[in-house]
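Engineer: here's my sequence, what's the structure:
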Amino acid sequence: MKAIQIIDYGSTDVLEMCEISAPEVSYGEIKVRVKAVSVNPLDWKMRAGMFSHSMPLSFPAILGRDGSGVVKEVGEDAGKWRTGDEVSFMMPRGLGCYAEEIVIPFTHAVTKPDHIEVTEAAAYPLVAVTSWIAFLEEYTSGLKGKHILIHAGAGGVGSVAIQIARHLGARVSTTCSAANSDYVRSLGAEQVVAYDQEDFTLALSDVDVVYDTMGGDVHRKSYEVLKTGGHMTCINAAPIEDLSGQFGVSMTIAQVNDIAGALPKVGKMVADKSLVPQVGTVLPFDQVVKAHRMLETGHAQGKIVLIL
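Structural biologist: The predicted structure is shown next:
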């Protein structure tokens, strides 16, 4: 089968299309014929070696954390799944889905609703599960009535996080370019700070929760807008420096540690149409280099999806 591998950390030059053996199904697993894969910021940062110490890769490695496809084979005691079922899926840590076929635990898939396309089904699992866990498990006091700042609201992560935060009853502010202001408002953001026109630290204050998808300088400046006792939650695709003690707030890094528990919940939101996956760009599978370069700019709207 075709797959995209990397044999070392590096630039997009290390991404290579190759032929490898198809994986075998074991007990409690399903094999999926992949139709579309999501390209996440974590993918290019893993490829570049930004997490070589905290999440080292074993080479050759296949990147990719989520996608959609059709169940091709069902292992023993693998739940409700049947051959031909259309699914969205998430990969366990250490395994990738830039491939024509993948094998996953049966609990790492949910049914694709009829009303969405395979590209939309591929776009939401990782970002939605990460946000769900961050909002409901990392920040245990709940979001109802709280003021949350979600950075990069027009991006693949932020566009889903805004919808989930609103679903949980939060008042949402977000940052984005001026060109994307109307787009993020349509997702549910109440206050929009155009980063190319104003400094969010001057526009916002007394925020209860910051959801940091960016890291770096944005992360450091975000402490300034939190109220005393507020909370910073970060995704692990963003390099961060913990300054919580200095500012009298708390900080956690959202860990995707309960896929089996969270994926059905966000899948139900998609089925109920209370969460609409946001696809910005669809590219053929062999244009993975272009997809990574687009993500590296930090200005992609919605998710980038590769179609097989």
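Engineer: low-scoring stretches of this protein, by residue?
Structural biologist: Applying pLDDT under 70 to the chain flags residues 137-141, 236-239.
Engineer: ranges for the helices of it?
Structural biologist: Here the chain has its helices, by DSSP state H, at 41-47, 118-123, 125-133, 156-167, 181-187, 200-203, 216-222, 244-247, 259-271, 288-296.
Engineer: of all those, which one is nearest residue 94?
Structural biologist: Ranking those by proximity to residue 94 (CB to CB) places helix 41-47 first, at 11.1 Å. Backbone N, C-alpha and C define where each C-beta goes, glycine included.
Engineer: and the gap between residue 87 and residue 103?
Structural biologist: As defined by CB to CB, to the nearest Å, residue 87 lies at a distance of 13 Å from residue 103.
Engineer: now do the shared contacts for these two.
Structural biologist: Common neighbours of residue 87 and residue 103, using CB atoms under 8 Å, 6 or more residues apart in numbering, are residue 32.
Engineer: quick one on the thing from earlier: among the helices of the chain, which is nearest residue 72?
Structural biologist: Of all those, it is helix 118-123 that lies closest to residue 72, at 14.7 Å by CB to CB.
Engineer: CA atoms only for that closest one, dumped as CSV, please.
Structural biologist: C-alpha atoms of helix 118-123 as CSV (Å, rounded to 0.1, in the frame of the first residue of the first chain):
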residue,chain,number,x,y,z
VAL,A,118,-15.4,12.4,4.1
THR,A,119,-13.2,15.5,4.2
GLU,A,120,-15.3,16.9,7.0
ALA,A,121,-15.3,13.6,8.8
ALA,A,122,-11.5,13.6,8.7
ALA,A,123,-11.2,17.2,9.9
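Engineer: numbering from 3 from now on, please.
Structural biologist: New numbering, starting at 3: the last item is helix 120-125.
Engineer: not counting it itself, show me its contacts.
Structural biologist: Here helix 120-125 makes contact (CB under 8 Å, 6+ apart) with 37-40, 68-71, 88-90, 114-115, 158, 279-281, 284, 304-305, 307, 309.
Engineer: then stretch 162-174?
Structural biologist: If you take CB under 8 Å, 6+ apart as the criterion, stretch 162-174 is touched by 126, 129-130, 133-134, 137-138, 144-150, 152, 155, 176, 186, 189-193, 211, 213, 215, 268, 271, 276-280.
Engineer: to residue 30, which of the helices of the chain lies closest?
Structural biologist: Among the helices of the chain, the nearest to residue 30 by CB to CB is helix 261-273 (11.1 Å).
Engineer: give the contact list for the nearest residue to residue 295 once chain neighbours are set aside.
Structural biologist: Nearest residue to residue 295, sequence neighbours excluded (CB to CB, 6 or more residues apart in numbering): residue 14, at 6.0 Å. By CB under 8 Å, 6+ apart, the residues touching residue 14 are 49, 291, 294, 295.
Engineer: in TSV, list the helices of the chain along with distance to residue 234.
Structural biologist: TSV is the format used below for the helices of the chain (distance: least, CB to CB, whole Å):
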stretch	distance to residue 234
helix 43-49	18
helix 120-125	26
helix 127-135	15
helix 158-169	14
helix 183-189	20
helix 202-205	14
helix 218-224	6
helix 246-249	6
helix 261-273	21
helix 290-298	23
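Engineer: so which of these is nearest residue 81?
Structural biologist: Set against residue 81 and scored by CB to CB, the helices of the chain come closest in helix 261-273, at 10.4 Å.
Engineer: need the contact list for residue 11.
Structural biologist: By CB under 8 Å, 6+ apart, the contact list for residue 11 reads 49, 50, 51, 54, 59.
Engineer: ignore what I typed, I meant residue 91.
Structural biologist: Contacts of residue 91 by CB under 8 Å, 6+ apart are 34, 68, 69, 70, 71, 99, 104, 106, 110, 111, 112, 127.
Engineer: in strands only, show me these.
Structural biologist: Using DSSP state E, the subset of the contacts of residue 91 located in strands is 34, 68, 69, 70, 71, 104, 106, 111, 112.
Engineer: circling back to that earlier point, narrow the contacts of helix 120-125 to those in strands?
Structural biologist: Per DSSP E, those map to strands at 37-40, 68-71, 88-90, 281, 284, 305, 307, 309.
Engineer: and of those, the nearest to residue 255?
Structural biologist: Nearest to residue 255 out of the ones in strands among the contacts of helix 120-125 is residue 68 (CB to CB; 19.3 Å).
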